[in-house]
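Asker: Pasting the sequence and the predicted model now:
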Amino acid sequence: MNNRAELKKARRVVVKIGSSLICDQERLSQGRLRALANQIAQLRNRGLEVVLVSSGAVAAGVRKLGLPQRPQTLILKQACASAGQVSLMTSWEKALGTFNLKCAQILLTADDLSDRRRFLNARNTMLSLVDLGVVPIVNENDTIAVEELKVGDNDTLGALVASLVEADLFINLTDLDGLFDSDPRLNQDAKLVTEVSEVDQKMLDAAGDSGPMGTGGMFTKVRAAGRLAERGVPSLIANGQARDILERLINGEELGTFFQPSKKHRRAKQYWLAFAARPKGRLLIDQGAAEAVVNRGKSLLPGGITGLDGLFDAGDAVTLAAAQDGTELGVGLTNYSSPEIEKIMGLSSVLIESVLGCSHSDEVVHRNNLVIFNGQQTK
Ligand code: GLU
């Protein structure tokens, strides 16, 4: 689906709903939730499968716990998320129930998504819910995720979920009309960008900060759209307050900002490696190996490895970095553990068996389990 006219063909869509859309003066607005639920029901009636990613737990918790504003400390944010998530889901259940739709809650952490087995398990659960006619509602498990292990914002989470369920469209609803060429809150002449063919660093640098209640500003929205484009999935950023916005977007109306999918996109596993996997260590590789993996589509052999950092097992994700200057070149799944690599690095693959007593494979990182960064920082 390379243009808006083709959006009518969408079968499975992930819709992300920002806190500012469903909270009115720091309180969950039942009216706004119902209006959105109505639209979701319309999509379902058209035969579309819908997965929601809903923010609003922290915002709802702020009021519920009687705090004067969104807290800054992690522990208070977690307390708010924990209290607010109940209100959020109760409100969604009520709103969707008005239109005879059932919902289910799925709370994820970055750790869940970085473990390939749990990642695939989450997908199976979501897809079977969708098959049962239920609307899965995903949020980050803020209550248990510590800062360094957080996805951090629901734009990024939404893009991961869209890839996870192999959605053919991601709609990011917010309280702005889309991406503007400058900050519309500061510049009255700011113009809406209706179509983006490629997200580059300049565009990311220009994207603004977030408002008072949510965490994701335009930066995370644009980055999420750019990442999904690399997965071959189109995205829209649009104003969730506009009447019948979901249906109108699917009908191809020129509202919001449309991000075209990239023509040369990553396969599902590569996307997961680039954006969800959390490397447990680093392999330093010489210039010849770097050239082979980056430019010639080759696997990484033990002979090209000059050093390593971290303690990891076979099957873990590791970063590949240039031994020369530490530049990160990509991420891959290693066939050997760190103690094993210490013994075989610098050697020809034919010696693996005699050194280790067995050989799982000639490659330390096979090409099929490797993603190369293409200049844009991915983590
Ligand atoms: N998970 C957070 C919440 O439910 C929202 C994060 C975000 O808005 O990006 O409040």
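Answerer: Looks like it came in fine. Numbering: from 1, shown residues only.
Asker: Gly31 versus the closest residue to Ala10 other than its chain neighbours, what's the distance?
Answerer: Excluding the flanking residues, the one nearest Ala10 by Cβ to Cβ, 6 or more residues apart in numbering is Leu169, at 4.5 Å. Yep, even glycine has a C-beta here, placed from its N, CA and C like the rest. As judged by Cβ to Cβ, to the nearest Å, Leu169 and Gly31 stand 26 Å apart.
Asker: Looking only at neighbour counts, state which of the two leads.
Answerer: Using other Cβ atoms under 10 Å as the criterion, Leu169 and Gly31 rank with Leu169 on top: 24 against 10.
Asker: show me what contacts Ala314?
Answerer: Applying Cβ atoms under 8 Å, 6 or more residues apart in numbering to Ala314 gives the contacts 334-337, 340, 360.
Asker: In helices, which of these appear?
Answerer: Glu340 (DSSP state H).
Asker: now the lengthiest helix in the chain, how far from the centre of its chain.
Answerer: Identified as the longest helix of the chain according to DSSP H is helix 74-97. With Cα atoms, centre = their mean, to the nearest Å as the basis, helix 74-97 stands 21 Å off its chain's centre.
Asker: by contact count, what packs against that helix?
Answerer: strand 27-28, helix 30-45, strand 49-54, helix 57-64, strand 102-108, strand 134-140 (3 or more Cβ pairs under 8 Å, 6 or more residues apart in numbering; DSSP states H and E).
Asker: Repeat the analysis, applying 10 Å as the threshold.
Answerer: Secondary-structure packing of helix 74-97 (3 or more Cβ pairs under 10 Å, 6 or more residues apart in numbering; DSSP states H and E): helix 19-22, strand 27-28, helix 30-45, strand 49-54, helix 57-64, strand 102-108, strand 134-140.
Asker: Distance of Lys221 relative to Ser235?
Answerer: Lys221 sits 9 Å away from Ser235 when distances are taken as Cβ to Cβ.
Asker: For the two, list the residues in contact with both.
Answerer: 16, 155, 158-159, 172, 257, 259 (Cβ atoms under 10 Å, 6 or more residues apart in numbering).
Asker: what's the closest of those residues to the ligand?
Answerer: Proximity of those to the ligand (Cβ to the nearest ligand atom) peaks at Asp155, which lies at 6.2 Å.
Asker: I'd guess that closest one is in a helix, am I close?
Answerer: Yes. Judged by DSSP: H, G, I helix; E, B strand; the rest coil, Asp155 forms part of a helix.
Asker: For it, list the residues it contacts.
Answerer: Counting by Cβ under 10 Å, 6+ apart, Asp155 has contacts 16, 18, 53, 55, 170, 172, 174, 210, 214-225, 227, 235, 237.
Asker: at 7 Å instead, please
Answerer: By Cβ atoms under 7 Å, 6 or more residues apart in numbering, the contact set of Asp155 is 16, 172, 216, 220-221, 224.
Asker: so what's Arg12 closest to, chain neighbours aside?
Answerer: Nearest non-adjacent residue to Arg12, counting by Cβ to Cβ, 6+ apart: Glu49, 4.3 Å away.
Asker: isn't the one you found right next to Val15, touching?
Answerer: No. Shown here, Glu49 and Val15 do not form a contact pair, counting by Cβ atoms under 7 Å, at 11.1 Å.
Asker: and the two? which has more neighbours close in?
Answerer: Each of Glu49 and Val15 has its neighbours counted (other Cβ under 10 Å); Val15 has more, 28 against 22.
Asker: so how far is the ligand from the residue nearest to Ala10?
Answerer: Leu169 sits 20 Å away from the ligand, taking Cβ to the nearest ligand atom, to the nearest Å as the criterion.
Asker: Next up, the contacts around that residue.
Answerer: 1, 7, 10, 13, 233-234.
Asker: swap the cut-off to 10 Å and go again
Answerer: 1, 6-7, 9-15, 48, 162, 228, 233-236, 249-250, 261.
Asker: Write down the beta-bridge partners of it, one by one.
Answerer: On the basis of DSSP bridges, Leu169 is bridged to Val13.
Asker: ok, now Ala104?
Answerer: Bridge pairing for Ala104 (DSSP bridges) gives the partners Pro136.
Asker: Okay, strands next: where are they in the stretch 201-350 of the chain?
Answerer: 235-239, 257-259, 281-285, 305-309, 317-322, 328-334 (DSSP state E, counting those that start in this stretch).
Asker: Dump these into JSON lines; add mean neighbour count and mean pLDDT as well.
Answerer: As requested, those are exported to JSON lines (neighbours: other Cβ atoms under 10 Å; pLDDT from 0 to 100):
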{"stretch": "strand 235-239", "mean neighbour count": "24", "mean pLDDT": "97"}
{"stretch": "strand 257-259", "mean neighbour count": "25", "mean pLDDT": "97"}
{"stretch": "strand 281-285", "mean neighbour count": "23", "mean pLDDT": "97"}
{"stretch": "strand 305-309", "mean neighbour count": "18", "mean pLDDT": "98"}
{"stretch": "strand 317-322", "mean neighbour count": "23", "mean pLDDT": "96"}
{"stretch": "strand 328-334", "mean neighbour count": "23", "mean pLDDT": "95"}
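Asker: out of those, which comes closest to the ligand?
Answerer: The closest of those to the ligand is strand 235-239. By Cβ to the nearest ligand atom, the value is 13.7 Å.
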